[in-house]
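Q: give me the fold of what follows.
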Amino acid sequence: MLLYVSFHHALVNARALNTHNMKIFKYLFAAAIACAAFASCDDNFTNIEEAGYLAQPKTIDASSVTSEALPGAIKLRWTVPADSSFSYMKISYVNPANQQKVTNVVSIYTDSLLITNTLKRYGDYTFTFQAFNDKGDAGQPVEVKAQSGAVPPTISYEKEDEVKLSADQLSTDDQEPSEGPIKNLVDGNSNTFFHTRWSSPQKPMPQYVQIDFKEAHQVFMLYYQNRNGSQRPPAAFEIQVSNDGQSWEKVFEVSSGLPTAKSSEYTTPGIDAGKSFTHLRFVVTREASNSSFFCLAEMKIYNAKKIVYDPEND
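A: Residues are numbered from 1 along each chain as shown. Predicted coordinates:
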């Protein structure tokens, strides 16, 4: 009522104003009406801005937090109280690898966090849990210590020089007498081929190509190329090594995924036999069409370099 009387008195006095002052008065009058409208809604705006948990936040107890050491990671888990007195938490730690602070923000509904790219060699990681309400007020910080599991070493291989092979270093247990002599495997011509026996009597799988080296080897890669023509490619094979040509040890095996197209090529990943050897067998255990024979165009052996990266010790 008081607002109405004030506006009425102003309007009466306004008749004496000139046109310019009248325009100013109209703008002031509109502003007064707007202020009155906002004042009447003040309580509603306050409620919207302050929705959520507004009381003093309380951080969870350290005793409710557990940790699991995983390879290169730490899994933190905690119990969320039924009467949680916060809106969200910040979980922070200093990364010992670069001394940078890392902060993760989790909601009131979160009960676990996976910390990655950690190392066991750094020992205890100190995590600071701190609760916040919707206004950004912070609760007391709580510290929890946890350790990472070890990151396993990674191993890679680099191909090095080709081992020069001659026909007299090769042998097989099942040469086809009419074609495909084994010497063709090392003649450098992909249009020639080696073939195991397809004529009678046939020998069932497995069948092998043997290489007798003139020097010892340990870390290597094996390459072969399928025949450029009628195909009888390996579908599964294993590699065996020996130092006397009598006792053999399997050091590599492939049971699927080998190329079957004509002239297609395959190179094994790097193979570490674990000890030096002087004899190698490429043993075909299954041909792609389940035949009792196979053929290849070329075969090569490469020395290889084994590279070990151990982040826990480097």
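
Q: what about L185, which SS state?
A: Following DSSP: H, G, I helix; E, B strand; the rest coil, the label given to L185 is helix.

Q: neighbours of it, just the number please.
A: Counted with other CB atoms under 10 Å, residues neighbouring L185 total 24. All C-beta atoms are positioned from the backbone trio N, CA, C, and that covers glycine.

Q: pLDDT value on it, please?
A: Looking at L185, its pLDDT is 98.

Q: before we move on, what about A82?
A: Reported pLDDT for A82: 84.

Q: equivalent analysis for S230, please.
A: Confidence score, pLDDT, at S230: 84.

Q: which non-adjacent residue is nearest it?
A: The shortest distance from S230 to any non-neighbouring residue, by CB to CB, 6 or more residues apart in numbering, is to C295 (7.8 Å).

Q: go on, G229?
A: Spatial nearest neighbour of G229, excluding adjacent residues (CB to CB, 6+ apart): K262 at 6.3 Å.

Q: quick one: contacts for the one you found?
A: By CB atoms under 8 Å, 6 or more residues apart in numbering, the contact list for K262 reads 226-229, 231.

Q: filter these down to the buried ones.
A: When these are checked for burial by 16 or more other CB atoms under 10 Å, the buried set is 226-228, 231.

Q: farthest pair within the residues you listed?
A: Using CB to CB, these span at most 9.4 Å, a distance reached by N228 and Q231.

Q: other residues contacting the host helix or strand of A304?
A: Using DSSP states H and E, A304 maps to strand 298-309. Here strand 298-309 makes contact (CB under 8 Å, 6+ apart) with 153-163, 165, 185-186, 188-190, 194, 209, 211, 217, 219-225, 270-272, 280, 282.

Q: let's see that with 6 Å instead.
A: 153-163, 185, 190, 219-225, 270, 272 (CB atoms under 6 Å, 6 or more residues apart in numbering).

Q: may I have stretch 183-193 as CSV, with CA atoms only?
A: Extracted as CSV, the C-alpha positions of stretch 183-193 are listed here (Å, rounded to 0.1, in the frame of the first residue of the first chain):
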residue,chain,number,x,y,z
LYS,A,183,67.3,-76.4,-51.9
ASN,A,184,64.6,-74.1,-53.5
LEU,A,185,63.8,-72.7,-50.1
VAL,A,186,67.1,-70.7,-50.1
ASP,A,187,67.6,-69.9,-53.8
GLY,A,188,66.2,-66.4,-53.6
ASN,A,189,63.5,-67.2,-56.3
SER,A,190,59.9,-66.9,-55.2
ASN,A,191,58.7,-68.7,-58.3
THR,A,192,60.4,-72.0,-57.3
PHE,A,193,59.2,-74.0,-54.3
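
Q: gap between it and the chain center?
A: 41 Å (CA atoms, centre = their mean, to the nearest Å).

Q: what's in contact with it?
A: Residues contacting stretch 183-193 (CB under 6 Å, 6+ apart): 165, 167, 180, 194, 225, 227-228, 295, 297-299.

Q: can you check stretch 211-231 too?
A: Applying CB under 6 Å, 6+ apart, the external contacts of stretch 211-231 come out as 159, 169, 190-191, 193, 233, 262-268, 270-273, 276, 278-280, 295-304, 306.
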